[in-house]
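# Need the 3D shape of this:
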Amino acid sequence: MHTIADNISKQIDVNVTDLTRTFRTLAGRNVVRDLLNNEGAAVTENPVQAEAALLQMMQDYPGEFEFLAVIGNDGIAVAASQQELVGQLNVADRGYFKSNLAGKVGYEVVKSRVSGEPILVLAVPVTIQGQPQGACIGAVRISFFAEKYVSPVTVAERGYAYLVDATGTFLAHPTPENILNGTIGDYDWGLKMLAEGSGFQVYDWKGQNKVVSYQVIPATGWVIAAGAEFDDMFAPLAGIAQANIFAGVLTLLGVGAVLFVIATSIVKAVKQGVDFAEEIKDGDVSHRLRLVRHDEIGTLAAALDKMADGLEEKALLAESIANGDLTVEVGEVGERDRLGQAFARMVTNLGDLMTQLQAAAEQIAAGSVQLAEGSQNLSQGATESAASLEQISASMIEMASQTEQSADNAGQASSLSQGAKNAATRGSQMMSEMVTAMGDINRSGEDISKIIKVIDEIAFQTNLLALNAAVEAARAGQHGKGFAVVAEEVRNLAGRSAKAAKETAELIENSAEKTRIGNDIADKTSAALKGIVAGTSKVSDLVAEIAASSKEQSGGIGQVTTGLGQIDQVTQQSTANAEETAAAAEELSSQADHLRQSLARFKVKGGAAQFSVRPVAPPSLPSTPQIAM
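Just a heads-up that it's a prediction; the model follows:
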């Protein structure tokens with residue numbers, strides 16, 4: 001059944017593929033393309049050449065097509081194999097035509113609008129300047145596929161083949177009413193068939209077991225199935241089976257008698273061979289069969305004896321290797337003698353390994369000596385480093401003390417310098433105030449001098465007035481004596497006032513001169529004080545920086561001291577590690593000697609390697625001094 005379904009599938013696939021290729025050629029011919037303009041409409045009312053091409057194709061494929069047509073992009077036929085279809089056939093709503101407008105080949109099984117019969121419409125787009133402008137369609141009778149490929153097929157007595165589309169709808173079936181009406185999708189076995197596409201299954205159909213084989217058709221996605229009832233399928237086998245059983249019994253009796261005679265001698269020899277094989281399996285290769293026969297059993301016995309010889313030889317070889325003799329020769333081995341080849345490689349590899357191990361033991365022994373010497377040197381260096389660190393630590397402690405004292409002194413000096421700076425600043429301010437006051441005094445003296453001059457002028461005028469009064473009194477005679485006396489007194493007072501004003505002016509002049517001198521001195525003193533203040537400020541800043549640096553230095557020395565303590569710990573650890581390394585070197589030397597003794601029992605080609613291992617004495621390690629921090 002599988003062959004039937006597969007053959008039908010291939011035949012229909014080839015047929016549809018050939019039709020598709022032919023339609024592509026037709027769609028590309030000028031007689032078809034010239035029918036349509038760039039809008040997909042007919043450009044001539046009498047497409048004789050195109051219709052002739054369609055009729056020729058109908059003749060080339062007799063009985064296959066119901067009709068052929070060229071369709072414009074509006075879905076209406078512009079040429080057809082039947083003239084009455086031109087302008088009347090409209091396929092714009094068909095799915096295959098919509099595929100054509102998208103530039104794709106379309107396949108669809110539909111009921112013909114011309115005959116009402118089921119047809120497969122094959123539609124190929126007609127493209128002009130790369131754009132689909134219509135289609136060439138061919139209506140292939142489904143009955144053609146049924147009559148040519150499906151109906152002639154019988155399976156057993158009552159079985160048959162049928163064709164369904166991708167949805168399970170019947171396209172060809174012995175019962176015409178099922179075509180385009182019935183579907184296998186209503187049954188579980190049908191759904192399984194559609195899902196798998198190709199396969200084989202047994203299912204129940206109205207109380208009868210049926211067998212079906214099915215195969216998908218790649219070009220269309222259809223499924224061709226061939227099936228029959230189970231009893232119908234295997235009915236001929238029942239009679240054949242009975243006849244075969246009878247003939248088989250007779251043959252078996254005759255052959256059995258002959259075989260019994262032959263088997264008796266064979267069984268005896270085979271039993272000896274089995275017993276011999278059991279002995280070999282248990283490891284006993286000392287016995288041999290030594291059967292004298294000129295048949296296959298004799299050949300087998302001789303082969304077993306040779307196998308035992310080879311195994312015994314390899315057993316002796318293994319004993320020598322187990323005893324440490326790696327100088328044995330395996331001898332020549334065949335290409336298929338895996339055991340012999342393995343022994344040869346094992347002897348060679350073990351010999352190389354022993355040689356390498358002996359060399360490694362020598363290197364380990366020498367390395368242990370060097371390691372012990374290195375440990376001694378390391379310990380000695382660690383001891384000397386510890387002593388140097390102790391001296392450095394003591395120096396750093398003393399330096400830290402001195403630096404701390406310097407930092408304290410610098411702090412005190414910074415405080416004193418700051419006080420001197422503040423005092424100088426206050427003195428400079430007071431001197432500035434004194435200069436200002438002396439300037440005010442000088443200006444007041446100048447004002448007083450001006451007043452004295454005014455008083456002197458007033459005294460001078462008063463003296464003139466008194467003199468004039470005396471003159472007038474003298475003129476008055478006796479009546480003017482009293483006035484003359486008063487005028488004299490006034491003149492005397494004016495003279496005394498002028499003298500006093502003169503003396504006061506001289507004093508004020510002297511005072512002003514001294515004030516100017518004092519003012520110059522005060523200016524110079526103020527300038528000097530300002531210089532002192534600036535210098536004191538710089539000194540104070542420097543002393544403050546010195547104090548800060550001293551503190552930082554003191555802190556840095558503290559960190560250095562801490563670091564030295566850590567270095568001392570590392571040095572002590574290094575010394576301890578050196579002691580442990582020395583002990584390990586001694587143990588390694590002991591193990592190397594033990595390894596040498598173990599390897600000495602192996603014999604390798606060139607003789608057993610002889611070597612000696614110098615024992616390593618444990619080093620005398622000095623104690624590490626502790627650094628007092």
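# I figured residue 126 was touching residue 25, is that so?
No - in this structure residue 126 lies outside contact range of residue 25 using C-beta atoms under 8 Å: 11.9 Å. Every residue, glycine included, has its C-beta placed from N, CA and C.
# which one of those two has more residues nearby?
residue 126 (23 against 13; other C-beta atoms under 10 Å).
# Helix or strand: which one has that one?
For residue 126, the element it lies in under DSSP states H and E is strand 118-128.
# C-terminal to that strand, what's the next element?
strand 131-141.
# I'd like the average pLDDT over the lengthiest helix in the chain.
In the chain, taking DSSP state H as the definition, the longest helix is helix 338-476. Summarised as a single mean, pLDDT over helix 338-476 is 75.
# Tell me how far the helix or strand just after that helix lies from the chain's centre.
Downstream of helix 338-476, the first helix or strand assigned by DSSP H and E is helix 481-599. From the chain centre to the centre of helix 481-599 is a distance of 63 Å (C-alpha atoms, centre = their mean, to the nearest Å).
# Now do the strands in the stretch 201-350 of the chain.
208-216, 223-229 (DSSP state E, counting those that start in this stretch).
# now those in TSV, with mean pLDDT?
Below are the strands of the stretch 201-350 of the chain laid out as TSV (pLDDT from 0 to 100):
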stretch	mean pLDDT
strand 208-216	87
strand 223-229	86
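# Select, out of those, the one closest to residue 514.
Closest to residue 514 of the strands of the stretch 201-350 of the chain is strand 208-216 (C-beta to C-beta; 137.8 Å).
# That closest one: which residues count as buried?
Residues of strand 208-216 classed as buried by neighbour count (16 or more other C-beta atoms under 10 Å): 210, 211, 212, 213, 214, 215, 216.
# Turn those into a markdown table, including distance to residue 72.
A markdown table is the format used below for these (distance: C-beta to C-beta, whole Å):
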| residue | distance to residue 72 |
| --- | --- |
| 210 | 49 |
| 211 | 50 |
| 212 | 45 |
| 213 | 45 |
| 214 | 40 |
| 215 | 38 |
| 216 | 35 |
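# of these, closest to residue 264?
residue 211 (47.7 Å).
# partners of the closest one in the sheet?
Judged by DSSP bridges, the bridge partners of residue 211 are residue 202, residue 228.
# Near residue 567, how many residues? Count them for me, please.
16.
# Pull up the pairing partners for the strand holding residue 126, direction included.
Assessed with DSSP bridges, strand 118-128 is paired to strand 106-111 (antiparallel), strand 131-141 (antiparallel).
# winner for burial among those?
strand 131-141 (a mean of 23; mean count of other C-beta atoms under 10 Å).
# now the longest helix of the chain: how far from the chain's centre is it?
54 Å.
# on contacts alone, who are the packing partners of it?
For helix 338-476, the contact count by 3 or more C-beta pairs under 8 Å, 6 or more residues apart in numbering; DSSP states H and E identifies helix 296-322, helix 481-599 as packing neighbours.
# how about the first one: buried residues?
With burial defined by 16+ other C-beta under 10 Å, the residues of helix 296-322 counted as buried are 297, 300, 301, 302, 304, 305, 308, 314, 317, 321.
# now the angle from that helix to helix 338-476?
Calculated by axes from the mean of the first three to the mean of the last three C-alpha atoms, to 10 degrees, helix 296-322 forms an angle of 50 degrees with helix 338-476.
# returning to what we had before: possible to save the buried residues of helix 296-322 as CSV with distance to residue 484 and pLDDT?
Output for the buried residues of helix 296-322, formatted as CSV (distance: C-beta to C-beta, whole Å; pLDDT from 0 to 100):
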residue, distance to residue 484, pLDDT
297, 202, 75
300, 197, 78
301, 200, 75
302, 198, 78
304, 194, 76
305, 196, 75
308, 192, 75
314, 182, 72
317, 181, 73
321, 175, 75
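# ok, these vs residue 284, which is closest?
The shortest approach to residue 284 among those belongs to residue 308, at 9.2 Å (C-beta to C-beta).
# Wait, the closest one touches residue 288, no?
Yes - the pair residue 308 and residue 288 passes the contact test of C-beta under 8 Å, sitting 6.1 Å apart.
# joint contacts of those two?
Shared contacts of residue 308 and residue 288 (C-beta atoms under 8 Å, 6 or more residues apart in numbering): none.
# residue with max distance from the center of this structure?
residue 478 (143.5 Å; C-alpha atoms, centre = their mean).
# how far away is it from residue 75?
171 Å (C-beta to C-beta, to the nearest Å).
# With residue 329 instead?
From residue 329 across to residue 75, the span is 95 Å (C-beta to C-beta).
# Looking at these two, which has the bigger crowd around it?
residue 75 (19 against 9).
# quick one: that one from residue 120, how far?
For residue 75, the distance to residue 120 equals 19 Å [C-beta to C-beta].
# likewise residue 59?
20 Å.
# Between the two, which has more neighbouring residues?
Remark: of residue 59 and residue 120, residue 120 carries more neighbours, 24 against 8, as counted by other C-beta under 10 Å.
# roughly how far apart are the more buried one and residue 219?
Distance from residue 120 to residue 219, by C-beta to C-beta: 11 Å.
# what's the overlap in contacts for the two?
In contact with both residue 120 and residue 219: 16, 107, using C-beta under 8 Å, 6+ apart.
# For the stretch 151-300 of the chain, which segments count as helices?
188-196, 230-281, 296-322 (DSSP state H, counting those that start in this stretch).
# Going by mean pLDDT, which of these comes out lowest?
Looking at those, the weakest mean confidence is helix 230-281, a mean of 69.
# Give the ranges of residues in the stretch 1-150 of the chain that sit below the confidence cut-off.
In the predicted model of the stretch 1-150 of the chain, residues 1, 37-46 satisfy pLDDT under 70.
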